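>>> turn this into a model:
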Amino acid sequence: MVQSENKQRILVKGAGVAGLVTAVTLAERGENVTLYDKGGRIGAGASWMAGGMLAPWCEAESAPPEITVKSIESIAWWKEHLPDVVCGGSLVLAPARDKGDLLQFGRKTSHFQEIGTEEIAHMEPDLAGRFHKGLFFPDEAHINPREALYALLERLKGLGGQAIFESVLPLEESSFDWVVVCTGLDDRAQCPNLRGVRGEMLLLRCCDMTLHRSIRMLHPRIPIYIVPRDDHVFMVGATMIESEESGGMSVRSIMELLNAAWALHPAFAEAEILEMGVGVRPSYPDNIPRVVQNGRSISINGMYRHGFLLAPTLAREAAEIICS
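Got it, this is the predicted structure:
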């Protein structure tokens with residue numbers, strides 16, 4: 001931890017993953033940090049619906065190289081700040097008829113091992129005999145995003161920071177030395193090129209299934225990821241829709257997610273649906289998040305689908321500007 005001789009007063013707006021990670025990073029450097037969110041709680045935006053996968057190498061399948069470079073350090077950061085990071089790697093699978101998709105995924109990524117029937121059965125006994133080839137990314141991990149957000153809030157308070165969750169900030173922004181804005185689409189005045197990308201998710205409880213790591217299923221209609229949580233709960237997500245509509249999920253989306261989960265294992269046909277959720281992610285045209293300084297104000301935005309993966313790196317970039 002780097003201590004500041006003369007504490008600066010810093011306002012961090014937005015209590016999603018970008019705001020919380022930035023607030024903690026600045027507080028660890030000895031600054032006087034106030035976190036504010038008009039939504040009334042932490043994770044009022046898209047962060048609450050995230051999968052929590054820390055998968056820099058898997059994400060390289062569709063993300064530009066800049067994302068991979070900036071995200072590699074994130075797993076170590078989360079391990080330093082959370083007690084329950086699951087470091088089981090990521091497993092990418094596809095039905096036998098779609099083995100070409102698996103080969104294509106491998107051509108676009110790196111840092112994986114090609115595995116067969118026996119290795120898959122050893123890693124995930126409940127999937128024994130269902131898949132004959134897969135890609136295993138041993139250096140990846142996952143977290144429970146909601147638990148992570150609360151843990152960061154407690155870390156901030158433990159470092160002397162404060163959090164305000166009211167509809168109107170009861171302080172003058174001019175009283176702060178710096179303002180860091182992490183409010184996503186609400187910051188369009190400073191980030192006019194932002195667009196919304198809708199993501200949808202399901203939380204299922206399937207008592208007949210146990211998984212030990214995040215699974216990416218290259219289903220022909222809709223590739224999905226399934227992230228295990230405690231008590232046989234699984235987060236199922238995939239959809240990336242060019243829309244800022246934040247209403248409920250469509251029947252089509254629900255059916256496609258459920259069908260893909262069933263293709264992973266028929267036990268999901270009997271799963272209990274605990275939650276259906278929608279999050280609208282702020283994204284720049286190139287889908288690359290960035291830190292932008294404007295005087296004594298800094299914007300961290302455009303997280304797209306990489307919020308938990310990139311927040312530590314972007315928070316460090318902002319902290320280096322403020323603490324230089």
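>>> quick check: buried residues in the lowest-mean-pLDDT helix or strand in the chain?
Within the chain, judged by mean pLDDT, DSSP states H and E, the helix or strand with the poorest mean is strand 233-241; its value is a mean of 87. Neighbour counts over strand 233-241 (16 or more other C-beta atoms under 10 Å) mark 233, 234, 235, 236, 237, 238, 239, 240 as buried. Backbone N, C-alpha and C define where each C-beta goes, glycine included.
>>> so who does the second one touch?
Residues in contact with residue 234, defined by C-beta atoms under 8 Å, 6 or more residues apart in numbering, are 203, 204, 205, 206, 209, 211, 226, 227, 228, 261, 268, 271.
>>> tell me where the stretch 1-150 of the chain has strands.
Counting by DSSP state E, counting those that start in this stretch, the stretch 1-150 of the chain has strands at residues 9-13, 32-36, 53-54, 90-93, 113-116, 133-137, 141-142.
>>> which one of the ones you listed lies nearest to residue 150?
Of all the strands of the stretch 1-150 of the chain, strand 32-36 sits nearest to residue 150, with 12.9 Å by C-beta to C-beta.
>>> what is that closest one packed up against?
strand 9-13, helix 17-28, helix 145-158, strand 162-164 (3 or more C-beta pairs under 8 Å, 6 or more residues apart in numbering; DSSP states H and E).
>>> neighbouring strands for that strand, and are they parallel or not?
Strand pairing for strand 32-36, determined by DSSP bridges: strand 9-13 (parallel), strand 162-164 (parallel).
>>> deepest of those strands, which one?
strand 9-13 (a mean of 24; mean count of other C-beta atoms under 10 Å).
>>> about what we covered before: got the angle for the least confident helix or strand of the chain vs helix 145-158?
With axes from the mean of the first three to the mean of the last three C-alpha atoms, to 10 degrees applied, the angle from strand 233-241 to helix 145-158 works out at 100 degrees.
>>> thinking again about what came up before, among the helices and strands packed on strand 32-36, which is the most enclosed?
Between these, helix 17-28 has the highest mean count of neighbours, a mean of 28, where neighbours are mean count of other C-beta under 10 Å.
>>> any chance of CSV for the strands paired with strand 32-36, columns mean pLDDT?
Formatted as CSV, the strands paired with strand 32-36 follow (pLDDT from 0 to 100):
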stretch, mean pLDDT
strand 9-13, 98
strand 162-164, 97
